[in-house]
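*Asks:* okay, here's the prediction I keep looking at, along with the sequence it came from:
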Amino acid sequence: MEIGSFIELQFERGREYYKQTEHIARLNTGRAAIWHAFRVLNCSAIWIPYYQCDTVRDFLYKHNVQIKYYHIDASFTPLDLEPKSGEAVLLVNYYGVMSCSRMRYLSEQYKHVIIDNAQAFFAEPIKGCMNIYSCRKFVGVPDGAYVIGENVSKYIDEYAQCYSSDTALFLLQRIEYGCEGKAYSSRRKNEYRIDTEDCMKMSALTNTILDGVDYEFIKKKRRENFFIASELFDDINRINAMQYYDASCVPMIYPIVVEDDSLLCKLQEAKHFQGHWWSYLQNEMPKDSFEYWLSRYVIPVTIDQRYGKEELCYIKEKMR
């Protein structure tokens, strides 16, 4: 027991969003959470969509997992997905705009299902599936992920403890310096740590921060901002961001597709610091594929709890 000395940062306690969840594993990253879920399911292979972050496949390959791939159509519905007995399926809640009923419907088509809710932190866990959540896409933490599902405590004792404070300086620097310069450099160090870590138990720092967050405020602001973005951008958006949206959704971003290769640079020059997701697909997918098109043109418009109508109107103005 340590008593005295300097006073550390203090946070409210008891607010962790999934605190009362019975079957939960707290890990360091979403990619590690997917691999852990695959281990628990004890399957021989996993089907993942081509339209997915390459860090997921790389982590699975690192652990000698047999991977099979499937395409999605313009409605984000899986194509050519035919798992054999004993093969798992990864289904992605893209952008956090896929309703719980939509994900439940998709999951009912397959036996061993992992729901990737990395972009949908507040999505209700679907019973009978392994549900994955990434914390740092919704909260200011250096890392962190959840797995929710049956038997998730299996293998946990095999994992080392993650320590994130050594590379968490960027969270403090962002407050004083903004996200460029020092903070960006520090964040790159944190990203390198994450990229080189294996599956580990969630750090105490991340867990402590998560236990003091006002989650209802986050949900309220993101939903409000998503509707503002919808009003501003739906008329120029080549995809229907509202297709599967309902009251169960708390989106990560508002996805907009405008077939203009110069638009992203224009927004970045205006200090809207977002980038195309998964650009590597432009080198791997046919140019007439939906995945190539999304990778080339989707811009994830920021709608998180730090912002509101003023910032979204500013983004719209800079698109002209």
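*Replies:* Nice, I can see it. Numbering: from 1, shown residues only.

*Asks:* contact partners for the residue most central in space within the chain?
*Replies:* Closest to where the C-alpha atoms of the chain average out (CA atoms, centre = their mean) is residue 118, at 2.8 Å. Contact analysis of residue 118 by CB atoms under 8 Å, 6 or more residues apart in numbering lists 30, 92, 93, 132, 133, 134, 137, 145. The C-beta positions use only the backbone N, C-alpha and C, and glycine is treated the same way.

*Asks:* look up how far residue 266 lies from it.
*Replies:* From residue 118 across to residue 266, the span is 28 Å (CB to CB, to the nearest Å).

*Asks:* follow-up on the earlier one: strands - which of the contacts of residue 118 land there?
*Replies:* Among those, the residues falling in strands (DSSP state E) are 92, 132, 133, 134, 145.

*Asks:* for those, which one is nearest residue 42?
*Replies:* Nearest to residue 42 among the ones in strands among the contacts of residue 118: residue 132, at 17.0 Å, using CB to CB.

*Asks:* for the residue nearest to the centre of the chain, give its distance to residue 310.
*Replies:* 28 Å.

*Asks:* with residue 196 instead?
*Replies:* Applying CB to CB, the value for residue 196 to residue 310 is 39 Å.

*Asks:* what do you get for residue 103?
*Replies:* Counting by CB to CB, the gap from residue 103 to residue 310 is 33 Å.

*Asks:* and the two? which has more neighbours close in?
*Replies:* Set residue 103 next to residue 310 and count neighbours by other CB atoms under 10 Å: residue 103 wins out with 25 against 8.

*Asks:* okay, and the more buried one sits in which element?
*Replies:* Here residue 103 sits within helix 100-107, counting by DSSP states H and E.

*Asks:* may I see the buried residues of that helix?
*Replies:* By neighbour count with 16 or more other CB atoms under 10 Å, helix 100-107 contains the buried residues 100, 102, 103, 106, 107.

*Asks:* and the contacts of that helix?
*Replies:* 77-78, 91, 93, 113, 115, 123-124, 126, 128-129, 244, 246, 248.

*Asks:* and residue 275, what pLDDT?
*Replies:* pLDDT, residue 275: 87.

*Asks:* related to what we said a few turns ago, pull the CA atoms of the helix holding residue 103 into CSV?
*Replies:* What follows is helix 100-107, C-alpha atoms only, in CSV (Å, rounded to 0.1, in the frame of the first residue of the first chain):
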residue,chain,number,x,y,z
CYS,A,100,-28.6,-3.5,-33.7
SER,A,101,-31.4,-5.2,-35.7
ARG,A,102,-29.3,-5.1,-38.8
MET,A,103,-26.3,-6.7,-37.1
ARG,A,104,-28.5,-9.3,-35.5
TYR,A,105,-30.1,-10.2,-38.8
LEU,A,106,-26.7,-10.6,-40.4
SER,A,107,-25.4,-12.7,-37.5
